[in-house]
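Peer 1: Mind looking at a prediction? Sequence and model below.
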Amino acid sequence: MSFIESCHFQVLLDGKLLFFAKTDMDGDGQFGESWLALSDKEIQVLSNRRDLVKKVELDNVRSAKLEQYVGAGALIIAIGDDEENEVLVRFSSSYMQKFSIAEKFINCLVKSEEIPQLSKADKPKLCQKCQRPFEEGTDVCSVCVDKKKVIGRILDFTKPYRGKVILAVVFLLIATLLELAPPYLTKIIVDDVLEPKELGSSLFILVLLLGVTGMVLALMQFLKGILGVWIGSEIMGDMRKEIYQSLMRLSVSYFDRRQTSQFIGRVNSDAESIRQFLTDGVLYIIGQVMLLLAIIVMMFSLDWKLALFALLPSPIVLLFSVFIWPRVQHLWYKQWQSINKLNMIVGDTLQGIRVVKAFGQEGQEQNRYMDGNQAVVNQTMKTDGLWQGVFPLFSFITGSGMLLVWYFGGLAVISDDITLGTLLAFVAYLGMFFGPLQWFNQMISWVTRAISSANRIFEIIDSPSEVPDKKHATILDEIKGHVQIEGVTFGYEKHQPVIKNINLDVTSGEMIGLIGHSGAGKSTLINLITRFYDPNEGRILLDGVDLKNLKQDQLHKSIGVVLQETFLFDGTISENIAYSKQDATPEEIMLAAKIANAHEFVVKMSDGYDTKVGERGHRLSGGQKQRIAIARAILHDPRILILDEATASVDTETERKIQVAISRLVKGRTTFAIAHRLSTLRNADRLVVVDKGVIAEIGTHEELLEKEGIYYKLVEAQKELSQIKEVEVR
């Protein structure tokens, strides 16, 4: 049996859970949520209201298939000997890939075939302890996480500011004691001045004490607030710095599996939630707990019988708060998810705005955003609606204690068991007592938000790098650029190798051209040489040292990269060229630009080297960006150079200028170049043809042509393509 608990429902599933996923449509094809759970024995479809919509034994299923419609799809199964079609779930097109996995699983189970292995991204993410699916966007189980430990780690951020935190708590303690003074002074005024009607200096002194108490209380609250703002701002800065440093430490594979908009939310909104908890929540909770205890002491000191009546509703309030905690925690997770999805939509659309406009899909993107925005609105209404329903109920429960005090306290005053001043002071303390009690849910909100945010932040901080530096990593005195690849096998998923048993010895200063069809493994080989990933088998050596033993900082400083999709930062041309060498002089920047054939177009711009390139360099042409990237690599002065389709997206004239720049750049450097235009690699010392993950051919341009193998066929195919284009032009 498999146990699933997600959202608001719990379900027992017969057999071993293999697939569990949410759809964004209900059974009628309307936008909503439903869930598909698949085990090795049965299929269940559940609504988002705990209802079991459909249950099918796999013994009755004959096959499964996906059907794609306009903007949507459905998973359909054939049931019984008549193979009657039945729709399991419907979903929008964005879920098509996800449910193709369910289709494969069902067909394999029906045919008694082996279930295919899935990549990490495709596997259902389940908690190893409780087998519950992880909330979307995180690999942390919100149920099993040690909440006390998380709170402790959050409080660790305050350690560098321990002195100021203690001072803030002192101000808080003084403020709490001062808050107890006005009701007691009121009792003295009523019992000792107003009832005896003894007009004198006592009334003036007592009223003056009330005023001074209010002034000092305001001062303490002001000082506490200022300290809280200062501490909170510093903690926020420390937290963001630690998150960002952790992101920079993580390997490329970590980011391959996630969207960048997730990290923006974690760095900003999650850090802000923790700041609010530390500066507002923690001090508020400490203050309210101290006030609560002090008020209880004062009430019992005034009249213990009335104190018991007053506290009668308190257990009900506390039990109700504990009961509502899981619901609140889930709603905060759901609200974060909806906001995170909306951020992803905005990020994707803005990054691909040219594609959106080129295909006239503004309307579709607006609809997608509207759906995401409506999901945020609906979730906010659910979350805030809960509070709006809870507060009146809490007010009624706590108000019942006040009614008891007024009634029994009034009887006690009439029978002269207590004084009127005592009753008034007691009522004032009771009002103060139920204030913190009513706001207990706000404390739950702060704690829940903080734990949710902390889980997502600590997930980044605790994530290990998949390509870590060894404790005593080697630092070479000088890097010459001799690269040896020995028996290297690698797959982004280990059971699906992309390259297999690659062996290659590249001498210092040699230029290697990597050739092959798309998906052959050329870029993967480059990723291993730059140590974005480590081989599953074999090793790569630089000057006789395994890359795993080499200090990564030194490795990456010795490698220069020029890619087809050049990335420029939103700064000036000068800043982008100098990115690889932050202390470069203007003369060095200009010299690098001249070698890269970039100086000529740069000086023609209105602001020259101070010209802003815009986000991702959108104000420059593709060829201009490419030459800026080459200038950046020249200034970097690497021993190993990576050229990945550096001239693939430019015109012939620009390509000629880039080729001249590249020919200057490669001199004396070990170079690995990938290019689809085979003519650009004729000057390479050796050409390496990669086919289906293995090295198929090695040799010079002339040697490979003589073999009439894969390289020869590629050259002939490009010649035919060029002739066709010439005919079309004529």
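Peer 2: Right, received. Where do you want to start? Residues are numbered from 1 along each chain as shown.

Peer 1: mind listing the strands for the stretch 601-730 of the chain?
Peer 2: 640-644, 670-674, 686-691, 694-699 (DSSP state E, counting those that start in this stretch).

Peer 1: could I get those as JSON lines with mean neighbour count?
Peer 2: No exception for glycine: its C-beta is placed from N, CA and C like everyone else's. Shown next, in JSON lines, are the strands of the stretch 601-730 of the chain (neighbours: other CB atoms under 10 Å):
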{"stretch": "strand 640-644", "mean neighbour count": "23"}
{"stretch": "strand 670-674", "mean neighbour count": "25"}
{"stretch": "strand 686-691", "mean neighbour count": "21"}
{"stretch": "strand 694-699", "mean neighbour count": "17"}
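
Peer 1: for the ones you listed, which one sits closest to E493?
Peer 2: Evaluated with CB to CB, the strands of the stretch 601-730 of the chain place strand 694-699 nearest to E493, the distance being 18.3 Å.

Peer 1: quick one on the thing from earlier: between the strands of the stretch 601-730 of the chain, which gets nearest to L311?
Peer 2: Proximity to L311, assessed across these by CB to CB, is greatest for strand 640-644 (72.2 Å).

Peer 1: Kindly reformat the strands of the stretch 601-730 of the chain as TSV and extend each row with mean pLDDT and distance to Y407.
Peer 2: Formatted as TSV, the entries for the strands of the stretch 601-730 of the chain read as follows, by pLDDT from 0 to 100; distance: least, CB to CB, whole Å:
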stretch	mean pLDDT	distance to Y407
strand 640-644	84	83
strand 670-674	87	87
strand 686-691	89	89
strand 694-699	90	90
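
Peer 1: Make JSON lines out of these and add distance to D238.
Peer 2: Converted to JSON lines, these look like this (distance: least, CB to CB, whole Å):
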{"stretch": "strand 640-644", "distance to D238": "36"}
{"stretch": "strand 670-674", "distance to D238": "41"}
{"stretch": "strand 686-691", "distance to D238": "47"}
{"stretch": "strand 694-699", "distance to D238": "49"}
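
Peer 1: So for R368, which of those sits nearest?
Peer 2: strand 640-644 (32.2 Å).

Peer 1: Which secondary structure elements does that closest one sit against?
Peer 2: Applying 3 or more CB pairs under 8 Å, 6 or more residues apart in numbering; DSSP states H and E, one finds that strand 640-644 contacts helix 522-529, strand 559-563, helix 652-666, strand 670-674.

Peer 1: Quickly, which of those bottoms out on average pLDDT?
Peer 2: For the helices and strands packed on strand 640-644, the weakest mean pLDDT is recorded on helix 652-666, namely a mean of 70.

Peer 1: The closest residue to E537 other than its chain neighbours: helix or strand, and which one exactly?
Peer 2: The shortest distance from E537 to any residue other than its chain neighbours is 4.1 Å, reached at T489 (CB to CB, 6 or more residues apart in numbering). When elements are assigned from DSSP states H and E, T489 belongs to strand 483-490.

Peer 1: Tell me the strands beside that strand, with direction?
Peer 2: Its sheet considered, strand 483-490 pairs with strand 499-506 (antiparallel), strand 537-542 (antiparallel) by DSSP bridges.

Peer 1: how about it: buried residues?
Peer 2: The neighbour-count check on strand 483-490 (16 or more other CB atoms under 10 Å) flags V483, Q484, I485, E486, V488, T489, F490 as buried.

Peer 1: Pick out the most distant pair among those residues.
Peer 2: Of all pairs drawn from the buried residues of strand 483-490, the one with the largest separation by CB to CB is V483 and T489; the distance is 17.2 Å.

Peer 1: With just CA atoms, put stretch 26-40 into CSV.
Peer 2: C-alpha atoms of stretch 26-40 as CSV (Å, rounded to 0.1, in the frame of the first residue of the first chain):
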residue,chain,number,x,y,z
ASP,A,26,-11.0,19.1,-14.1
GLY,A,27,-12.8,16.2,-15.8
ASP,A,28,-15.1,18.6,-17.8
GLY,A,29,-12.1,20.4,-19.3
GLN,A,30,-12.6,23.5,-17.2
PHE,A,31,-9.6,25.2,-15.5
GLY,A,32,-9.2,23.6,-12.1
GLU,A,33,-7.2,21.0,-10.3
SER,A,34,-7.3,17.2,-10.3
TRP,A,35,-4.7,14.6,-9.5
LEU,A,36,-3.6,11.3,-11.0
ALA,A,37,-2.1,8.6,-8.8
LEU,A,38,-0.7,5.5,-10.4
SER,A,39,0.6,2.4,-8.7
ASP,A,40,1.6,-1.0,-10.1
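
Peer 1: which SS class is F532?
Peer 2: coil (DSSP: H, G, I helix; E, B strand; the rest coil).

Peer 1: give me the number of residues near it?
Peer 2: Neighbour count for F532, taken as other CB atoms under 10 Å: 16.

Peer 1: residue contacts, M248?
Peer 2: Contacts for M248 (CB atoms under 8 Å, 6 or more residues apart in numbering) come out as none.

Peer 1: What's the mean pLDDT across stretch 161-172?
Peer 2: Within the predicted structure, the mean pLDDT of stretch 161-172 is 86.

Peer 1: Now do it: distance to the chain's middle.
Peer 2: When distances are taken as CA atoms, centre = their mean, to the nearest Å, stretch 161-172 is centred 33 Å away from the chain's centroid.

Peer 1: Over to stretch 613-622?
Peer 2: Its chain's C-alpha centre and that of stretch 613-622 lie 27 Å apart, by CA atoms, centre = their mean.

Peer 1: So which bits of it are buried?
Peer 2: V613, G617, R619, L620, G622.
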